[in-house]
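> Sequence first, predicted coordinates after that:
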Amino acid sequence: MTLSHAVVRTAALTLLAGVASAQTDLLPDIITDPNDMQNWYIQNSGGNRILRLSNGTANIGAGKLYLYGGDVINSTQREVIQRIYRTDNTYWERPAGTFVHHPTHGHIHFEEWAQYSIREVLPGNGVGAVLAQGAKTSFCILDLGVYNSSLPGFPAGGQFNSCGTSIQGLSVGWKDVYSAGLAGQEIDITSLPDGTYWLESEVDPNNHVLESNENNNAHRILITIGTPTPLTPDRFEANNSTSQVAALAVGAVNSANLGPTGPETTLADLSIHDSADRDFFRFYMPATGTSSDFIRINFQNSLGDLDFRLRNSAGTQIGSSTSGSNSFEQISLSGHPAGWYYAEAYGYNGATGNYSLTINPPANGAPSIECLTPPAGNTTVLRGVQTYNINWNHSDPESNETWVTVYINATPSFNGSEQVLPTSINTPAAQGFHVFNTSEAAEGTYWVYTQITDGGTVTGDWSDGTITLENACPPDLTASAVAGSTGYGLPNGVLNNEDFFYYLTQFTAGNLAVCDLTTTAVAGQPGYGTPDGILNNQDFFFYLALFSAGC
């Protein structure tokens, strides 16, 4: 009887797992970050109504999530092995699903990494049945953002930074983020009526990955589909207390923890949707307020009288506006020192109504920033295969908190064509970098702009050089993979499965001239893309990554 490689590997890994039981496993614990889910919107496409959402998955466990490619299943799939490290610096391994080539993103993904659902809201905000659901989404799992740098084992800079190899994962304290515009980040809601629903994201729904806690994989947020009315919660709900708002991500999309709002921010389509509703918004002031600085709500008094309060960082009321007859309420920020504050809107005697909020904070000395990457000249990166770190230096004359948002454009100017990198919005400037997921931009050459704010003044800096995102294309090796047939071993200007199977055949035969491509399959490491006279798995994985990226 002949056993397949997969059967032999499974048996071996099961045996290793038994030996490993005597040690303490440093298991990952993967969660969904509800703050990223706040970035959702409705899009009409081909007669269908589509809800698109961002999704972040973070590792809060004791050990890294380490995944690598095992046996090849077919031309687009290969098995995945999870490596689990232990307290004695050894490790054991287990099967953990499959990798698949994603045709739109252009690189290898871990299959069935996330599941998105719309659920019914039951009385008392209970969680009801699934009403709509997206397909199980595949991800290239990377260290794209810092989730919690205080966790034991957090590695500065991360470990997993390329989709171009057979190794993927999440370091402790890091998270991967897929923005709403990427393929697969969607639920078809054509059949759903307008209303309030639970939006749910569940990571690893089929439990392919071994974790320390399998009960915290799903998170959900309340959303309202349709135009807000006085009886419908707005997009910032739930923001009914200072503690609730303070726990939200600063400056994230649809987060009531606004953070920087200067030089002036206006939020429209807000609502006090029932008699008990109170809306809190947290914002940062970089300097002592003057007589020209204020917060204000505008509404239609005849439809419902709304009142307004200002609270300090501890939640204590320090100002109010309750005119009773006007269609606005305004509170001066004059004399209030730099720091964090809350604006609170509520209905007089249980009134409800729509309103807008304007925050005009004070300004002081402008922060400064220097965009360090890309440096002068041009840097070429394989789009969708490699990530790229955008680094900066910054300072603020008053040592205020500062935040950075990154833009790219074909010219070093704001001309209406600039593109914001959605996962960079309001990154704490002290972090010093943003990991650019190159799948978020089209093929082309870009300048990079790092925009900084201290909550009052906004400024920024263009990079000295450009970054070119190009689609990788492995060598066009053959017109046919069948030995002796016409075109065997002759390039034909077309990249397809014939090329892959030809390379596989030559690799198995030990053909150095064709198959020796690299020293290492880890992008960014010495010898990446440089032949070394040795034929091993590094060459195969290098070719597989380039083939998956396409031409």
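Everything's here; your move. Numbering: from 1, shown residues only.

> Regarding this structure, what is its longest strand?
The longest strand of the chain (DSSP state E) is strand 107-122.

> who does that strand pair up with?
strand 91-102 (antiparallel), strand 126-133 (antiparallel), strand 137-139 (antiparallel), strand 195-203 (antiparallel) (DSSP bridges).

> residues near the nearest residue to residue 83 once chain neighbours are set aside, how many?
With sequence-adjacent residues excluded and distances taken as Cβ to Cβ, 6 or more residues apart in numbering, residue 83 is closest to residue 66, at 4.3 Å. Backbone N, C-alpha and C define where each C-beta goes, glycine included. Counted with other Cβ atoms under 10 Å, residues neighbouring residue 66 total 21.

> where's residue 66, which helix or strand?
Under the criterion of DSSP states H and E, residue 66 resides in strand 65-72.

> Give the next helix or strand downstream of that strand.
Next in sequence after strand 65-72, counting helices and strands by DSSP H and E, comes strand 77-85.

> would you put the C-alpha positions of that next one in PDB?
Below are the C-alpha coordinates for strand 77-85, written out as PDB (Å, rounded to 0.1, in the frame of the first residue of the first chain):
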ATOM      1  CA  GLN A  77      -4.400  24.800  -3.400                       C
ATOM      2  CA  ARG A  78      -2.000  23.400  -0.800                       C
ATOM      3  CA  GLU A  79      -2.400  22.200   2.700                       C
ATOM      4  CA  VAL A  80      -1.600  24.400   5.700                       C
ATOM      5  CA  ILE A  81       0.400  23.400   8.700                       C
ATOM      6  CA  GLN A  82       0.200  25.300  12.000                       C
ATOM      7  CA  ARG A  83       3.300  25.400  14.100                       C
ATOM      8  CA  ILE A  84       2.800  25.800  17.800                       C
ATOM      9  CA  TYR A  85       5.600  26.900  19.900                       C
END
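
> Tell me the gap between that strand and the middle of its chain.
Mean C-alpha position of strand 77-85 versus that of the full chain (Cα atoms, centre = their mean, to the nearest Å) differs by 23 Å.

> Surely residue 84 touches residue 63?
Yes: taking Cβ atoms under 8 Å as the definition, residue 84 is a contact partner of residue 63 at 7.1 Å.

> tell me which residues of the longest strand of the chain are tucked away?
For strand 107-122, burial by neighbour count (16 or more other Cβ atoms under 10 Å) applies to 107-119, 121.

> any low-confidence regions in the stretch 401-550 of the chain?
471-475, 491-493, 549-550 (pLDDT under 70).

> That one: helices as residue ranges?
Here the stretch 401-550 of the chain has its helices, by DSSP state H, counting those that start in this stretch, at 497-509, 512-515, 537-549.

> Just want the angle from the first one to strand 65-72.
Between helix 497-509 and strand 65-72, the angle formed by their directions is 90 degrees, by axes from the mean of the first three to the mean of the last three Cα atoms, to 10 degrees.

> So which elements touch helix 497-509?
Contact here means 3 or more Cβ pairs under 8 Å, 6 or more residues apart in numbering; DSSP states H and E; on that basis helix 497-509 packs against helix 512-515, helix 537-549.

> How far away from the center of its chain is that helix?
How far helix 497-509 lies from its chain's middle: 36 Å, per Cα atoms, centre = their mean.

> Dump it to CSV, restricted to CA.
This file holds the C-alpha atoms of helix 497-509, laid out as CSV (Å, rounded to 0.1, in the frame of the first residue of the first chain):
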residue,chain,number,x,y,z
ASN,A,497,-1.0,26.0,-15.5
GLU,A,498,1.3,24.5,-18.2
ASP,A,499,4.1,26.7,-16.9
PHE,A,500,3.5,25.6,-13.3
PHE,A,501,3.4,21.9,-14.1
TYR,A,502,6.5,22.3,-16.3
TYR,A,503,8.4,23.9,-13.4
LEU,A,504,7.1,21.2,-11.0
THR,A,505,8.4,18.5,-13.3
GLN,A,506,11.8,20.2,-13.7
PHE,A,507,12.0,20.8,-10.0
THR,A,508,11.4,17.1,-9.3
ALA,A,509,14.1,16.2,-11.8
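
> If the most centrally placed residue in the chain is in a bridge, with which residues?
Among the residues of the chain, the one closest to the centroid is residue 177, at 1.8 Å (Cα atoms, centre = their mean). On the basis of DSSP bridges, residue 177 is bridged to residue 56.

> re earlier: the strand holding residue 66 packs against which elements?
helix 5-20, strand 77-85, strand 91-102, strand 167-170.

> which one of the ones you listed has the lowest average pLDDT?
Sorting the helices and strands packed on strand 65-72 by mean pLDDT places helix 5-20 lowest, at a mean of 45.

> After it, heading C-terminal, what element do we hit next?
strand 30-33.

> Name the residues that touch that following strand?
Around strand 30-33, the neighbours that count as contacts under Cβ atoms under 8 Å, 6 or more residues apart in numbering are 55-61, 65, 114, 147, 170, 175, 177, 201-204, 209, 211, 216-219, 249.

> List the pairing partners of it within its sheet, with orientation.
Applying DSSP bridges to the sheet, strand 30-33 is found paired with strand 55-59 (antiparallel).

> Now do the partner strand, average pLDDT.
95.

> Same list, the strands paired with strand 107-122, but as JSON lines with mean neighbour count and distance to residue 300 please.
JSON lines is the format used below for these (neighbours: other Cβ atoms under 10 Å; distance: least, Cβ to Cβ, whole Å):
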{"stretch": "strand 91-102", "mean neighbour count": "20", "distance to residue 300": "49"}
{"stretch": "strand 126-133", "mean neighbour count": "13", "distance to residue 300": "33"}
{"stretch": "strand 137-139", "mean neighbour count": "23", "distance to residue 300": "42"}
{"stretch": "strand 195-203", "mean neighbour count": "20", "distance to residue 300": "23"}
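
> among those strands, which is nearest residue 153?
Closest approach to residue 153 among the strands paired with strand 107-122 (Cβ to Cβ): strand 91-102, 14.4 Å.

> Next one: the closest residue to residue 162 other than its chain neighbours relative to residue 530, how far apart?
Excluding the flanking residues, the one nearest residue 162 by Cβ to Cβ, 6+ apart is residue 523, at 3.9 Å. Look at residue 523 and residue 530: by Cβ to Cβ, to the nearest Å, they are 13 Å apart.

> Comparing those two, which shows the higher neighbour count?
Using other Cβ under 10 Å as the criterion, residue 523 and residue 530 rank with residue 523 on top: 19 against 11.

> My read is that that one contacts residue 385, right?
Yes: the criterion here is Cβ under 8 Å, and residue 523 meets it with residue 385 at 7.0 Å.

> who's in contact with residue 278?
Here residue 278 is in contact with 240-241, 272, 344-346 (Cβ under 8 Å, 6+ apart).

> Just list whatever residues bridge to it.
Here residue 278 sits in beta bridges with residue 346, going by DSSP bridges.

> Against residue 240, how distant is it?
On the measure of Cβ to Cβ, residue 278 and residue 240 end up 6 Å apart.

> Kindly report the domain assignment for this protein.
Domain assignment for the chain, taken from automatic domain parsing, gives 5-225, 242-360, 368-470, 473-551.

> Go through these and name the closest to residue 236.
Judging the domains of the chain by Cβ to Cβ, what sits closest to residue 236 is domain 242-360, at 4.5 Å.

> now the end-to-end length of that closest one.
Length of domain 242-360, first residue to last, Cα to Cα, to the nearest Å: 20 Å.

> Let me see the mean pLDDT of that domain.
94.

> 58 is where my numbering starts, stick with that
Yes, from this point I'll number from 58; that puts the last item at domain 299-417.

> now the buried residues of strand 164-179 as CSV including pLDDT?
What follows is the buried residues of strand 164-179, written out as CSV (pLDDT from 0 to 100):
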residue, pLDDT
164, 49
165, 66
166, 75
167, 84
168, 84
169, 87
170, 91
171, 92
172, 94
173, 96
174, 97
175, 97
176, 97
178, 94
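
> Which of the residues in stretch 317-326 are classified as buried?
If you call a residue buried by 16+ other Cβ under 10 Å, then stretch 317-326 has these buried ones: 317-319, 324.

> Done for today, thanks.
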